[in-house]
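A.B. asks: Give me the fold of what follows.
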Amino acid sequence: MLAIYEKLEDDLETLKEMCNSIECSSAADSHPARHDLIQNYFKALTAVESRFPISSDKDHVNSVTFTWHDAFKNKNKTLQQNIRLEKVAILFNLGAMHSQIGLTFDRSTVEGRRWPSHSFIAAVGAFAYLRDKMDEI
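C.D. replies: Numbers count the residues shown, from 1 in each chain. Below is the predicted model of the structure:
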């Protein structure tokens, strides 16, 4: 039983480090690098959730709290023990990141118009996945 608890602690520490990496990344970081951080964090959340459900339920891991900041008033924040809400927020951020990547291309050339369309399609895919799978996330 102790080995399971140690694995849980290791996995939760990894999640915390990944989340901190996303929070500490700045506008100076490349969009692809931020995209990879966000995508890998979502994958890690999904993997951990399948083994250790995280919520305020007494039968779940309830020692983990996720923090969300208001997008317009960064001083406003909420803390909750809800991994599903964290996953939804991360998927939304992934879609937003694809949109930002799409805006960075020079659209004065054919290639410059082709690559943004791929990014915007990926953004739509992230938002559509959120819409269609909201109950399963």
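
A.B. asks: For the rest of this, base every contact and every neighbour count on C-alpha atoms.
C.D. replies: OK.

A.B. asks: who are the neighbours in contact with the most centrally placed residue in the chain?
C.D. replies: The residue lying closest to the centre of the chain (Cα atoms, centre = their mean) is residue 90, at 2.5 Å. Residues in contact with residue 90, defined by Cα atoms under 8 Å, 6 or more residues apart in numbering, are 38, 41, 42.

A.B. asks: Does the first one lie in a helix or a strand, and which?
C.D. replies: Okay, so that is residue 38. Assigned by DSSP states H and E, residue 38 falls within helix 31-51.

A.B. asks: Who does the next helix or strand after that helix pair with, and is each partner parallel or antiparallel?
C.D. replies: Later in the chain than helix 31-51, the nearest helix or strand by DSSP H and E is strand 66-69. Using DSSP bridges, strand 66-69 pairs in its sheet with strand 77-80 (antiparallel).

A.B. asks: what mean pLDDT does the partner strand have?
C.D. replies: If you average the pLDDT over strand 77-80, you get 83.

A.B. asks: ok, residues contacting it?
C.D. replies: Residues contacting strand 77-80 (Cα under 8 Å, 6+ apart): 65, 66, 67, 68, 69, 70.

A.B. asks: Between those residues, identify the one with the most neighbours.
C.D. replies: residue 65 (17 neighbours; other Cα atoms under 10 Å).

A.B. asks: doesn't residue 85 make contact with that one?
C.D. replies: No - applying Cα atoms under 8 Å as the test, residue 65 and residue 85 come out as separate, 11.1 Å apart.

A.B. asks: neighbours of residue 89, just the number please.
C.D. replies: 14.

A.B. asks: how close does it get to residue 39?
C.D. replies: 12 Å (Cα to Cα, to the nearest Å).
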